[in-house]
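S.K.: Got a sequence here, can you model it:
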Amino acid sequence: MRNIKLFLEYDGTAFAGWQVQPEQRTVQGVLESALSQMTGEKVSLTGSGRTDAGVHASGQVANFKTETDIPLKAFNEGLNAVLPKDIAVLKAEETDPEFHSRFGAKSRLYRYQIITRRSPLLERYAWRIIYPLNREVLPELCNVILGKHDFTAFASAQAEVDNFNVSVTRAGWKDYGGVLSFEILADRFLHNMVRIIVGTMMDTARGHLKPEDMKRILESRDRTLAGKTAPACGLCLVKVEY
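M.R.: Numbers count the residues shown, from 1 in each chain. Below you'll find the predicted structure:
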């Protein structure tokens, strides 16, 4: 039995997320169908994270078990020949039989993009904001979420987990003129966590919340106090570390 690791990139716009869902086009579903067609086996693909509908990835990692002797090269070039244009296999490699792309991950890096000007090239992959923002408050807000905290206040009510503790090791904004880019590195992420954090920060930057509210919201563990969930189009899974 071989264990194959895939490094993936996809545009999440036309997908109902990563995870297979009945009657829905999903990244996992499209990949499993292509792999089953190639190997003649029923393939079960495990991803490092279950990105939501509309969320993109430039560094998703997945693995699957197979008994086929198909050359490794075919799992790269062969898959890319049959996959739709919004999914690409960047690399395929043989990995340890015990490797698990989800449970073996030590950290994940997400990036969220915001544009403050009209941009035909970026609007598919960013949240366009037209109201004025006080960008000077953003570093202070990032400092609040660094470290290990209970992020219940920044998780969707649909998050089906018992443990809401997350260790954030890096969080910061970069300003490229008309583009704001937020990167966050953590050991795990809760459902909609990054998008709720970004939405709350934007509510603060526009003056709907005060900078000191960020800590109060985090400690409250109350989702209703946090900001709205930012649109999925701006979020991208950039890297998974093992």
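
S.K.: Strands of the protein, residue ranges please.
M.R.: In chain order, the chain shows strands spanning 2-10, 46-47, 56-66, 87-94, 107-115, 127-128, 147-150, 165-175, 179-186, 235-241, with DSSP state E as the criterion.

S.K.: between those strands, which one is nearest to Gln19?
M.R.: Go through these one by one with CB to CB and the one that ends up closest to Gln19 is strand 46-47, at 7.9 Å. C-betas here are computed from N, CA, C, even on glycine.

S.K.: related to what we said a few turns ago, just send the strands of the chain back as TSV, with distance to Arg216 and mean pLDDT too.
M.R.: Output for these, formatted as TSV (distance: least, CB to CB, whole Å; pLDDT from 0 to 100):
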stretch	distance to Arg216	mean pLDDT
strand 2-10	37	98
strand 46-47	35	97
strand 56-66	32	98
strand 87-94	41	97
strand 107-115	22	98
strand 127-128	25	98
strand 147-150	13	98
strand 165-175	18	97
strand 179-186	20	97
strand 235-241	25	98
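
S.K.: contact partners of the lowest-mean-pLDDT helix or strand in the chain?
M.R.: Counting by mean pLDDT, DSSP states H and E, the chain has its least confident helix or strand at helix 77-82, which shows a mean of 94. Outside helix 77-82, the residues within contact range by CB atoms under 8 Å, 6 or more residues apart in numbering are Leu6, Leu31, Ala34, Leu35, Gln37, Met38, Ile70, Ala88, Val89, Ala92.

S.K.: Pick the one among these closest to Thr169.
M.R.: Leu6 (25.7 Å).

S.K.: so what's that closest one up against?
M.R.: Leu31, Leu45, Val61, Ala62, Asn63, Phe64, Phe75, Leu79, Val89, Lys91, Ala92.

S.K.: next one: Asp175
M.R.: Residues in contact with Asp175 (CB under 8 Å, 6+ apart) are Arg135.

S.K.: That one and Val55: what is the separation?
M.R.: 23 Å (CB to CB, to the nearest Å).

S.K.: Check the residue in the chain sticking out farthest from the centre and give its pLDDT.
M.R.: Largest separation from the mean C-alpha position in the chain: Asp69, at 32.3 Å (CA atoms, centre = their mean). Asp69 is assigned a predicted lDDT (pLDDT) of 94.

S.K.: domain parsing for this protein?
M.R.: If the domains of the chain are taken from automatic domain parsing, they occupy 2-94, 107-241, with pieces of a single domain joined by a plus sign.

S.K.: want to try JSON lines for these, with distance to His100 as columns?
M.R.: Converted to JSON lines, the domains of the chain look like this (distance: least, CB to CB, whole Å):
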{"stretch": "domain 2-94", "distance to His100": "7"}
{"stretch": "domain 107-241", "distance to His100": "12"}
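
S.K.: out of those, nearest to Ser101?
M.R.: The closest approach between Ser101 and any of the domains of the chain, judged by CB to CB, belongs to domain 2-94 at 4.5 Å.

S.K.: Now the terminal residues of that closest one, how far apart.
M.R.: End-to-end distance of domain 2-94 (CA to CA, to the nearest Å): 7 Å.
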